[in-house]
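K.L.:
Here is a sequence together with a model predicted from it:
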Amino acid sequence: MSIQLSQPGAPGPLPGGGPAQSGAPARHGDVPRARTSALSGFLYRSPRARLAGLLTAPAGWLVLVYIAALAALLITALWSVDSFTGKVSQAWTLDNIKQAVLDPVYQGIALRTVWIAVLVTVIDAVVAIPLAFFIAKVATARWQRLLLAAVLMPLWASYLVKAYAWRNVLAEGGLLEWLGAPLGLNSPGYSETAVVLTLAYIWLPYMILPIHAGFEKVPDNLLEASGDLGAKPWATLRLVVMPLLVPSVIAGTIFTFSLTLGDYITAQIVGGKTQMLGTVVYSNVGAANNLPFASAISLIPIVIIMIYLLVVRRTGALDEL
Amino acid sequence: MSETAQSPTAAPITAPAEVPAIRLRKLVKTFGDVNAVDGVDLDIRQGEFFSMLGPSGSGKTTVLRMIAGFELPSSGTIELDGADVSTKAPFERDVNTVFQDYALFPHMSLIDNVAYGLRVRGMGKNERRERAAQALERVQLGKFVARRPAQLSGGQRQRVALARALVVEPKVLLLDEPLGALDLKLRQQMQIELKELQRSLGITFIFVTHDQEEALTMSDRIGVFSNGRIAQTGSAHEIYRSPQTAFVANFVGTSNILTAGIGGTASGPGASFVVRPERLHLNWEATAHDAGHLTPGARVLAGRVTSAVYVGHATQVHVELDAGPTVIALVHGDVPDTDALKGHRVTVAWAEHDAVWLPDAA
């Protein structure tokens, strides 16, 4: 059989004697030759030089500014402040760290901060997953662009502006009270609830974006295959979509959780008397002028995040990031 | 030759008692202002290996996706075993699909992939795993039950997709260019395996492909798609031997389409006719006069060789006829030096019964 000889639009006169007669060979000089460069050539031949050129600056930055700053923080936490002169004494002591960890007041603040961070993370995940699903899989291309822009837009506004906007919303006689009144609901006022609401709003884009990217990576035909094999939408969501989405959700929770752990501004603006770890650090750096104790407190969220990352790593969720 | 599939009012093809596995009536799918599928009527018999053949954009995949339920028809109906499923969701249809890129779940082992359909149907863990293992055994992947899809080659993934679709025992299996990503040898091997599997299971297979050779070798019947419509349905023989339109003649195999009465030949029942390259006899030395030794019904035309392409088992010779068009003749056996042939005067001849007249004025 000769069927693989298929020639679309076959018969009919062949142009100018068929493919055997190609045009005249191209003359040299018509196309400019690529220019040579000694430096590019050298870099092409030596991968080490290439790597050094690429990484020296960022690695230097990382070591100096990032790791050195963290080390300084740790060291400062081991110093103390002379309560009489207010000067930092560089004698080694574990007192700050002991107080930060063992004092029931600070234990309470640490627990409350973690609780707020967990609430913010859960609220953001619950809001972000359906929203990201809609943007990535349901909306038309045009709507996708519009909605993504809408998600990103709050990031262009100042953090402070957003926090103060919520202060107005939550105020007595503010928008929330006005909306809630017919339903018999009160505004939470300036409280822990207000902190949770505001932070959930402010960090929401950081949850939506990774989950949206995660949904984009789930091919449509996996959803089709699931339905084709007899799964109803809920089963598809549970058995196919969510397992594939876990790394993205975890990426999102790392953002919202760690950003909330370190926050102090929102707590001050809408929190009323709510104390978070960040506010303790803030007041110790400022009013109390106790930098070593502030450092000791600020180690708490660092340790919590490290534990969280370790737990997450244990589950294998980071392998697929 | 004329298939009922092309006339919506016709009775079922086979005995009236048998309901077709799939029946499409006036099926239309519109995307924006494009009619991707433009009025398809088709009956696919029970237990048949049916291929939808056509170039990309001809609507064959859209028809398949509508049968599976991934797209809803803009108008028209789809019947499965006599029941109208036009607006049913994919999970409500007793039809399964082998996807072009397999669509295996990357986070599940092979056995979980294959057991998935049984799992969502509520089958117990032990039983579904047992059946899935059997299904994997059947496609020679019994050793790999614990692997992930990413650890398999393309051909192995293909088999997993097949096992996954077959383990739920569908009435109809849809295959969307499933061999497209495989290399030639593997593809030929899978063609044979698929055909054997279909015979042994007795399930209706609907196979979408743009590869005419694949369609010709595997199918009981073929539907040739063009511009959202079916140009012709028939067995491989019917499609290849008696194409009904110029499109089918050109798309399925190579064809020389000549107008009636060319070079003084007698005119026939249509405006043009088709001669397959392997039916053209080439005479290297002859002129039009001494072709008398050919059978009385032979037609002979003189021309000049414009090129010759060696294709391994034969040589494809392009001949520009004195009467105008260029034809392609396939010459088996040894051909003198292909370069020297260019410009050579030859005659081409064909037997009257090898000319297939096209009903339409193509």
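P.N.:
Thanks, I have it. Residues are numbered from 1 along each chain as shown, chains lettered A, B, ... in the order given.
K.L.:
Residue of the stretch 51-200 of chain A closest to chain B, please.
P.N.:
With C-beta to the nearest C-beta as the measure, residue A:140 is the residue of the stretch 51-200 of chain A nearest to chain B, at 11.3 Å. In this view, the C-beta of every residue, glycine as well, is placed from N, C-alpha and C.
K.L.:
where's residue B:221 relative to chain A, distance?
P.N.:
Residue B:221 is 17 Å from chain A, where distance means C-beta to the nearest C-beta, to the nearest Å.
K.L.:
which residues touch that residue?
P.N.:
Taking C-beta atoms under 8 Å, 6 or more residues apart in numbering or on different chains, we find residue B:221 in contact with B:45, B:48-51, B:233-235.
K.L.:
What's the PyMOL syntax to select whichever of those are buried?
P.N.:
The buried residues among the contacts of residue B:221 can be selected in PyMOL (16 or more other C-beta atoms under 10 Å in any protein chain shown) with this line:
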select buried, chain B and resi 45+48+49+50+51+233+234
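K.L.:
Let me see the ranges of the helices in the stretch 151-300 of chain B.
P.N.:
B:154-166, B:184-201, B:212-218, B:236-241, B:246-251 (DSSP state H, counting those that start in this stretch).
K.L.:
who wins for proximity to residue A:191 among the ones you listed?
P.N.:
Nearest to residue A:191 among the helices of the stretch 151-300 of chain B is helix B:154-166 (53.3 Å), distances taken as C-beta to C-beta.
K.L.:
Next, count neighbours for the residue of the stretch 51-200 of chain A closest to chain B.
P.N.:
Neighbour count for residue A:140, taken as other C-beta atoms under 10 Å in any protein chain shown: 8.
K.L.:
And for residue B:28?
P.N.:
Counted with other C-beta under 10 Å, the neighbours of residue B:28 add up to 17.
K.L.:
Tell me which other helices or strands the helix or strand containing it touches.
P.N.:
Element membership for residue B:28, per DSSP states H and E: strand B:22-31. In terms of contacts (3 or more C-beta pairs under 8 Å, 6 or more residues apart in numbering or on different chains; DSSP states H and E), strand B:22-31 is packed against strand B:34-44, helix B:60-68, strand B:75-80.
K.L.:
Any chance you could list what contacts the shortest one?
P.N.:
Contact partners of strand B:75-80, identified using C-beta under 8 Å, 6+ apart, comprise B:20-28, B:39-40, B:66-67, B:84-86, B:93-95, B:171-172.
K.L.:
who does it pair up with?
P.N.:
Each strand that pairs with strand B:75-80, with its direction, by DSSP bridges: strand B:22-31 (antiparallel), strand B:83-84 (antiparallel).
K.L.:
Can you say which of the ones you listed is packed in most?
P.N.:
strand B:22-31 (a mean of 19; mean count of other C-beta atoms under 10 Å in any protein chain shown).
K.L.:
pLDDT of it, averaged?
P.N.:
The average pLDDT within strand B:22-31 is 93.
K.L.:
gap between that strand and the chain center?
P.N.:
In terms of C-alpha atoms, centre = their mean, to the nearest Å, the centre of strand B:22-31 is found 19 Å from the chain centre.
K.L.:
For residue A:113, find the nearest of the strands paired with strand B:75-80.
P.N.:
Nearest of these (C-beta to C-beta): strand B:22-31, 52.6 Å.
K.L.:
got a list of contacts for the closest one?
P.N.:
So strand B:22-31 is contacted by B:8, B:35-44, B:59, B:62-63, B:66-67, B:71, B:73-80, B:82, B:172, B:204, B:206 (C-beta under 8 Å, 6+ apart).
K.L.:
Pick out the residue nearest the middle of chain B.
P.N.:
The residue lying closest to the centre of chain B (C-alpha atoms, centre = their mean) is residue B:215, at 3.1 Å.
K.L.:
excluding its backbone neighbours, what's nearest the residue nearest the centre of chain A?
P.N.:
Among the residues of chain A, the one closest to the centroid is residue A:255, at 4.0 Å (C-alpha atoms, centre = their mean). Leaving aside its sequence neighbours, residue A:255 sits nearest to residue A:206 (C-beta to C-beta, 6 or more residues apart in numbering or on different chains; 3.9 Å).
K.L.:
surely the one you found meets residue A:251?
P.N.:
No: in terms of C-beta atoms under 8 Å, residue A:206 does not count as a neighbour of residue A:251; the distance is 9.2 Å.
K.L.:
ok, how many other residues are close to residue B:298?
P.N.:
Residue B:298 has 15 neighbours, counted by other C-beta under 10 Å.
K.L.:
what's near enough to touch residue 223?
P.N.:
With no chain named, the answer covers chain A. A:137, A:236, A:240-241 are the contacts of residue A:223 under C-beta under 8 Å, 6+ apart.
K.L.:
please go with chain B instead
P.N.:
B:5, B:42, B:50-53, B:60, B:230, B:232-233.
K.L.:
Turn these into CSV, including pLDDT and distance to chain A.
P.N.:
CSV is the format used below for the contacts of residue B:223 (pLDDT from 0 to 100; distance: C-beta to the nearest C-beta, whole Å):
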residue, pLDDT, distance to chain A
B:5, 43, 23
B:42, 93, 21
B:50, 95, 19
B:51, 94, 14
B:52, 95, 17
B:53, 94, 12
B:60, 92, 17
B:230, 94, 19
B:232, 92, 16
B:233, 94, 18
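K.L.:
Buried ones among these?
P.N.:
Using 16+ other C-beta under 10 Å as the burial test, those include B:5, B:42, B:50-53, B:60, B:230, B:232-233 as buried.
K.L.:
follow-up on the earlier one: give me the element the residue nearest to the centre of chain A is part of.
P.N.:
Take DSSP H and E as the rule and residue A:255 turns out to sit in helix A:242-261.
K.L.:
If you count contacts, what does that helix end up packed against?
P.N.:
Packing partners of helix A:242-261 (3+ C-beta pairs under 8 Å, 6+ apart): helix A:104-133, helix A:192-217, helix A:291-314.
K.L.:
how much distance is there from the longest one to the middle of the chain?
P.N.:
The one in question is helix A:104-133. With C-alpha atoms, centre = their mean, you get 15 Å for helix A:104-133.
K.L.:
List the contacts of the helix or strand following that helix.
P.N.:
Moving toward the C-terminus from helix A:104-133, the next helix or strand (DSSP H and E) is helix A:141-156. The contact list for helix A:141-156 (C-beta under 8 Å, 6+ apart) reads A:131, A:134-136, A:139, A:162, A:201-202, A:204-205, A:208-209, A:212.
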